[in-house]
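Got a predicted structure here, sequence first:
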Amino acid sequence: MTPITPIVVTLDFLEFPPDYTCKGDNRSPALTIKNLTAQSLAIMVFNPFIKSCCSFSTWLIWNIPAMSRIPENFPKEPVPLSPVQAVQGKNDYGTIGYTGPCPPEGEMHRYQFRVYGLDIMLDLPPGSAKDDLIHAMKDHVTQYGETLALAR
């Protein structure tokens with residue numbers, strides 16, 4: 001088994017600006033990635049504060065070509081062609097693509113951005129669920145990193 005090496009993942013903010021939340025344009029944010037050697041990337045975003053479960057997914061995207069800067073604003077399409085081609089899954093809201101933070105008034109939630117470096121492009125259909133993505137990534141993760149941001 002190949003060891004998993006770390007990557008450094010950062011956002012341009014610690015607290016979500018409105019553009020990336022339900023109070024604004026609900027755009028997916030850009031991510032910067034350092035020490036990347038993988039062939040492709042998969043990103044899973046979670047809100048662990050949703051009371052119905054411990055890993056509520058708000059964005060699933062994979063088959064992103066390996067790059068040091070993942071652009072913002074992926075359209076809510078199964079296979080977006082821009083800003084770069086990728087494949088998106090169905091999040092725990094039951095929708096395709098990124099769903100930005102929308103915590104109840106007076107609450108602050110933490111969102112985790114988990115980035116997986118993979119040795120292949122995944123053969124996984126658009127609209128797949130979190131468990132399908134996790135299963136498809138098995139034995140193909142060569143790198144991993146995460147970051148978080150707060151929303152109120």
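Looks like it came in fine.

right, and Cys22 touches Cys102 too?
Yes. The criterion here is C-beta atoms under 8 Å, and Cys22 meets it with Cys102 at 3.5 Å. No exception for glycine: its C-beta is placed from N, CA and C like everyone else's.

what ranges of the chain fall below the confidence cut-off?
Counting by pLDDT under 70, the chain has low-confidence residues at 1, 50-54.

ok, which stretches of it are strands?
Listed in chain order, the strands of the chain (DSSP state E) span 5-6, 8-10, 31-34, 40-47, 56-65, 69-70, 87-88, 109-118, 141-151.

mind checking how far stretch 18-36 is from the chain centre?
For stretch 18-36, the separation from the chain centroid amounts to 10 Å (computed by C-alpha atoms, centre = their mean, to the nearest Å).

Could you do stretch 131-143 as well?
With C-alpha atoms, centre = their mean, you get 14 Å for stretch 131-143.

distance between the ends of that stretch?
Counting by C-alpha to C-alpha, to the nearest Å, you get 19 Å between the two ends of stretch 131-143.

Likewise for stretch 94-107?
Termini of stretch 94-107 sit 23 Å apart (C-alpha to C-alpha).

Could you list the buried residues of it?
Within stretch 94-107, the residues that count as buried by 16 or more other C-beta atoms under 10 Å are Ile96, Gly97, Tyr98, Thr99, Gly100, Pro101, Pro103.
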